[in-house]
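**Q** Need coordinates for the below:
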Amino acid sequence: MLYGNDSAPVSTGAVSGDEGLFNYSNSPTMARPQQPDPNATLLTGGFTPPEKSQQKAQGGEGDTDTGPRAPIIDRNDNMGDPPASYDLHLSGFFDGFEKDAAVLNKTEHLEQLRAARAGLKEALTEYQIGDTAAREMFAQVRNYVTNPRSPERMESERAETMTALEKKWGNDTPKMIEAANKVFHEMCRKVPGLAESMIETGAANDLKTIVHLANIGKRRGYGKSMLNR
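**A** Numbers count the residues shown, from 1 in each chain. Presented below is the predicted three-dimensional model:
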């Protein structure tokens, strides 16, 4: 886990094997995805830098770097000003799931979805996520929730995401992923089912979501060595 020592890890169905835990992907009209290895995801899962990165950090054979590289923070990474309200984004994500639960008279599931909506609204407002970034993250996560990945595909996407993050952030990749994890951990405390959904569907390996969460963490001062570069 990449959380700080001041916080306990988020408990998830993917880790515990508890089939009764609520998440978005076990909506009444959807099949529950296979249980993945918790280390197959970058958010909430294990993180081990690839061997190539370890060699560079230690000055190993084949190392051509002259020193640590600052992370690339693109001017578009913050993705717009915060909206006046996040309700439109939340409706686009939750309305369909809530309608299914209501039609099928799944009262408990409906209440859980409504609690998740309220918690996520609180988190989005607290972090003041940009309008375009919010839209992008909701779209990415919904794609994973409605099309959950197999454990094998999760492993493949985790590797692809790590390659892209290392290209973007260089030697600061572990610190940036740690910042993303800290923000995600905080969000999971507010949003029922978020950790379960992200891990079990593979969304916890999504490149754009990790970048946005890491930038939120950077703005909040997580990983202070990354600031003012």
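**Q** residues near the residue lying closest to Ala40 once chain neighbours are set aside, how many?
**A** Using CB to CB, 6 or more residues apart in numbering and skipping the chain neighbours, the partner closest in space to Ala40 is Met154 (4.5 Å). All C-beta atoms are positioned from the backbone trio N, CA, C, and that covers glycine. Neighbour count of Met154, defined by other CB atoms under 10 Å: 26.
**Q** Check which helices and strands whatever helix or strand Met154 lives in sits against.
**A** Per DSSP states H and E, Met154 falls inside helix 151-169. Packing contacts for helix 151-169, counted by 3 or more CB pairs under 8 Å, 6 or more residues apart in numbering; DSSP states H and E, involve helix 173-190, helix 207-219.
**Q** C-alpha coordinates for the shortest one, CSV please?
**A** The reference is to helix 207-219. Listed next in CSV are the C-alpha coordinates belonging to helix 207-219 (Å, rounded to 0.1, in the frame of the first residue of the first chain):
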residue,chain,number,x,y,z
LEU,A,207,-3.9,6.6,-16.7
LYS,A,208,-6.0,9.8,-16.8
THR,A,209,-7.6,9.3,-13.5
ILE,A,210,-4.2,8.6,-11.8
VAL,A,211,-2.8,11.8,-13.3
HIS,A,212,-5.7,13.9,-12.2
LEU,A,213,-5.6,12.5,-8.6
ALA,A,214,-1.8,13.0,-8.4
ASN,A,215,-2.2,16.7,-9.4
ILE,A,216,-4.8,17.2,-6.8
GLY,A,217,-2.4,15.7,-4.3
LYS,A,218,0.4,17.9,-5.5
ARG,A,219,-1.8,21.0,-5.1
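**Q** Could I get the average pLDDT for the longest helix along the chain?
**A** The helix that spans the most residues within the chain, counting by DSSP state H, is helix 107-127. Average pLDDT, helix 107-127: 93.
**Q** can you pull the buried residues of it?
**A** Of the residues in helix 107-127, 109-110, 112-113, 116-117, 119-121, 123-124, 127 count as buried by neighbour count, 16 or more other CB atoms under 10 Å.
**Q** Likewise for stretch 163-172?
**A** 165-166, 168-172.
**Q** hang on, the earlier thing: what angle do the longest helix of the chain and helix 173-190 make?
**A** 130 degrees (axes from the mean of the first three to the mean of the last three CA atoms, to 10 degrees).
**Q** Point out the other helices and strands that helix 107-127 packs with.
**A** Using 3+ CB pairs under 8 Å, 6+ apart: helix 107-127 touches helix 87-103, helix 173-190, helix 194-201.
**Q** These: lowest mean pLDDT?
**A** Across the helices and strands packed on helix 107-127, helix 194-201 gives the lowest mean pLDDT, at a mean of 88.
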